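**Student:** Sequence unavailable; structure follows:
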Ligand code: FES
Ligand code: FES
């Protein structure tokens, strides 16, 4: 057990539990932020993607001990009402099928757009290949990223 | 205009009720519509008069449909309100679908599978919408004291032009509830639809992108514990002993125990299929703690004896034998080799194939194989249950709530009316969530620990606990005369443990001498429906074989198919051909035109075509690709789809694109293999699913203009793309691919 403090979506949190606990379960079980999804637990599907100090990370393999004093952003922190340009683009392009992967896709896409504000197809394909969409919505994801890039200009 | 009756023999399919707080409610049945006016002699099953769908109009003008069908990503929550809004002349933005809580007293048949939801709902939803509109019109006529024939409706408003009066549906709903239900109503003709056929974005779109708790795994209840299961590591093993000394002492753990999902010997439905009946439950306060304790268990396993049990499938009872032993993939292949050599069951025979094959100038013979496939829904299996002595409350992702409610009643010894199953949004289905053993497991665990629990499968549990797509093999033979005319056709198909054959599908009916045979090999690897069952294999391989037949004959593969279809239309061979040759040819012609098939491609591009009919819809596809070493880079897929009337264009395109990506992915990479009964792939680090960079660069979807009733789209676009891909890879490389997955692992 250890007390670790960090911030989630701008709010300070102190959690007292096993420091090996992955951030994914801290978010879901301790902080009731369930937008971040569980898909594999081994950093292979991207469903749990969050931002740690602005960088996209897989929360399922990120131990609590590694986030002390850091800033975590989850899908809930992007915007409350879906007005963030990436979320908006996702709605406009009507990307989702079952929707389960999409929070992770959006978090990866947001980080990608920070790195490449005008991403090429190849940059999108490379940057987004850590996120599985079992329903196969990849083409719309690509379109939504381009739309978001336009809207962010 | 299409007239339908809302009553037969004085019994009504529609019932109107005034709502307590004002407004109207119409009860209807999802199965009932579609009896043409004037036909009073048809026999209608009693169940059709039970109401299982509801349309409510509140005084505020909010229109709510209660649907008994769950959402598994097929977009029905968006397309169903579109159907109602159209016939009702409603303001589309004020129609919502509520997932109705399961209550078997009112709701019948809740099953999301087989692309059936829209098919069943289509006429019923239209009937309900049109009836409500007529009743609103007569309410206005009564209120304004004008003839009902002078009343018009638009966008949730009722108008009387002459007296310049108008009213919102909401303000009329309470009076409308008092009107007689019309005995006959007219539905719109497709040309006057104004919402059906347009594109409406997913109604849950914003909730999804903001991370709202929509899914089963997100379900929370006060005092809820987390449960996980440990199951045998191999098919053919069962639990022998558990040493939980260490695990029990770990923080946050409240209970560890052995349980039986079903009581051995009790009657089960086919949807109660489970590979491992006896498992260990680990229960505690948080997921991570439970996971740690699960890993600390010391478990011993013993060989499982053969199991013989009866299972009911709707009204049939089948005997299922699960053999003992630890199976290997190489052994499966050997069994298939041996069984395929033996005499087997003739399913269809037209003409005299034996003579034709023995007199043939040339016989083309090819065999195809495909492996077991896990469903891998991205949201792993999970369920919430709270079972007390008084009642059972469950919630989670399930495609067969009504069937599972019966299983639960049997298992818990609790009457049906004390069991409530709520459906959450599902993170993918693909057939996996038809089999609800995980729901029963959650209930049994909750009953034992006397607390609300959420059962969570890890990805490893999910991928190694069975219910796979079966392993398949098919051998095709084509006989030719000396002028290379196709004279006979023979398919012999089977699988472990089921055959994929659909003997009455094309090219049956188009060839004078035709033989279809099937076989199967028993196995203890559990299997179940997987997106487009059977078709997901047989379509692709049949279409690959037809490509080779056309090549041998020196004819264009599309022309070749069109000629066969022409023959099936003009002089069909045999009976029970289960496809419409015109619609089949229609999608082939459309895809040929849209993909510029007659224009040659550039040198590096390979191109392949395939078409298939399954789940009541017709789909043809052309795949274009370039090779990057062994890896095909799919540059474009063109699809032509005939699924009758398209309700929601954007949803239909999304679904078709997804199925194409899925088909390409699984045929390139997907496979589950076994070593001594143990599944060899248990997570996405060794099981390869298609990723963004491997998806087609472009997909174009075209729909055949149609005024026929809509048919499903969740499944039909999946099967043919595998054939189109294989044919395109051959076209690019000169090498045929007979065994799936086409690429030999890993990423
Ligand atoms: S759950 Fe973290 S990458 Fe899959
Ligand atoms: S939308 Fe279902 S997994 Fe991506």
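**Tutor:** Looks like it arrived, so ask away. Small disclaimer: the values here were computed from a predicted structure and weren't measured. Residues are numbered from 1 along each chain as shown, chains lettered A, B, ... in the order given. Ligands and ions are numbered 1, 2, ... in the order given.
**Student:** Could you report the neighbour count for the nearest residue to residue B:677 once chain neighbours are set aside?
**Tutor:** Once flanking residues are discounted, residue B:677 sits nearest to residue B:234: 3.2 Å by Cβ to Cβ, 6 or more residues apart in numbering or on different chains. For the C-beta atoms, the positions are set from N, CA and C on the backbone; glycine is no exception. Residues lying near residue B:234 (other Cβ atoms under 10 Å in any protein chain shown) number 22.
**Student:** cool, and residue B:29?
**Tutor:** Neighbour tally, residue B:29, other Cβ under 10 Å: 22.
**Student:** Please tell me how far it sits from residue B:2.
**Tutor:** 18 Å (Cβ to Cβ, to the nearest Å).
**Student:** Toward the C-terminus, what is the element adjacent to the longest helix along chain B?
**Tutor:** Assignment by DSSP state H gives helix B:117-144 as the longest helix of chain B. Tracing the chain past helix B:117-144, the next element assigned as helix or strand by DSSP states H and E is strand B:151-154.
**Student:** For that following strand, buried residues please.
**Tutor:** Going by neighbour count (16 or more other Cβ atoms under 10 Å in any protein chain shown), the buried part of strand B:151-154 is B:151, B:153.
**Student:** For chain B, which residues score under the pLDDT cut-off?
**Tutor:** Along chain B, the model assigns pLDDT under 70 to residues B:1, B:30-52, B:68-74, B:100-120, B:745-747.
**Student:** Helices of chain A, start to end?
**Tutor:** Under DSSP H, chain A gives helices at A:23-25, A:75-78, A:85-93, A:102-115, A:121-127, A:138-151.
**Student:** so who does residue A:32 touch?
**Tutor:** residue B:220 (Cβ atoms under 8 Å, 6 or more residues apart in numbering or on different chains).
**Student:** quick one on the thing from earlier: which one, of the helices of chain A, ends up nearest to ligand 1?
**Tutor:** Evaluated over the helices of chain A, closeness to ligand 1 peaks at helix A:23-25, with 6.3 Å, by Cβ to the nearest ligand atom.
**Student:** And for that closest one, what's in contact with it?
**Tutor:** A:36, A:38, A:41, A:48, A:50, A:59-60, A:62-64, A:67, A:72, B:286-288.
**Student:** Now residue 84: closest residue in space that isn't a chain neighbour?
**Tutor:** Unless you meant another one, I'm taking chain A. Residue A:84 sits nearest to residue A:78 (Cβ to Cβ, 6+ apart), 4.4 Å away.
**Student:** try chain B instead
**Tutor:** Spatial nearest neighbour of residue B:84, excluding adjacent residues (Cβ to Cβ, 6+ apart): residue B:129 at 4.2 Å.
**Student:** Check the gap between that neighbour and residue B:353 for me.
**Tutor:** In terms of Cβ to Cβ, residue B:129 sits 51 Å off from residue B:353.
**Student:** Which one's more surrounded, the two?
**Tutor:** Neighbours were counted for residue B:129 and for residue B:353 using other Cβ under 10 Å; residue B:129 has more, 28 against 22.
**Student:** wait, what's in contact with that one?
**Tutor:** B:55, B:83, B:84, B:85, B:86, B:87, B:88, B:90.
**Student:** What's the PyMOL line that selects buried ones from those residues?
**Tutor:** Buried subset of those, written as a PyMOL selection, criterion 16+ other Cβ under 10 Å:
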select buried, chain B and resi 55+83+84+85+86+87+88+90
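**Student:** Quickly check the contacts of residue B:129 for the two that are furthest apart.
**Tutor:** By the measure Cβ to Cβ, B:55 and B:86 form the most distant pair in the contacts of residue B:129, at 13.2 Å.
**Student:** Take the helices of chain A and write them to CSV, including distance to residue B:252.
**Tutor:** Shown next, in CSV, are the helices of chain A (distance: least, Cβ to Cβ, whole Å):
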stretch, distance to residue B:252
helix A:23-25, 11
helix A:75-78, 25
helix A:85-93, 35
helix A:102-115, 26
helix A:121-127, 37
helix A:138-151, 37
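**Student:** Spatially nearest residue to whichever residue of chain A sits closest to chain B (excluding sequence neighbours)?
**Tutor:** Here chain A gets closest to chain B at one residue, residue A:35, 2.0 Å apart by Cβ to the nearest Cβ. Among residues not flanking residue A:35 along the chain, residue B:211 sits closest, at 2.0 Å (Cβ to Cβ, 6+ apart).
**Student:** What helix or strand is the one you found located in?
**Tutor:** In the assignment (DSSP H and E), residue B:211 maps to no helix and no strand.
**Student:** how many neighbours does it have?
**Tutor:** 25.
**Student:** repeat for residue A:152
**Tutor:** So residue A:152, with other Cβ under 10 Å, has 15 neighbours.
**Student:** do residue B:728 as well
**Tutor:** 29.
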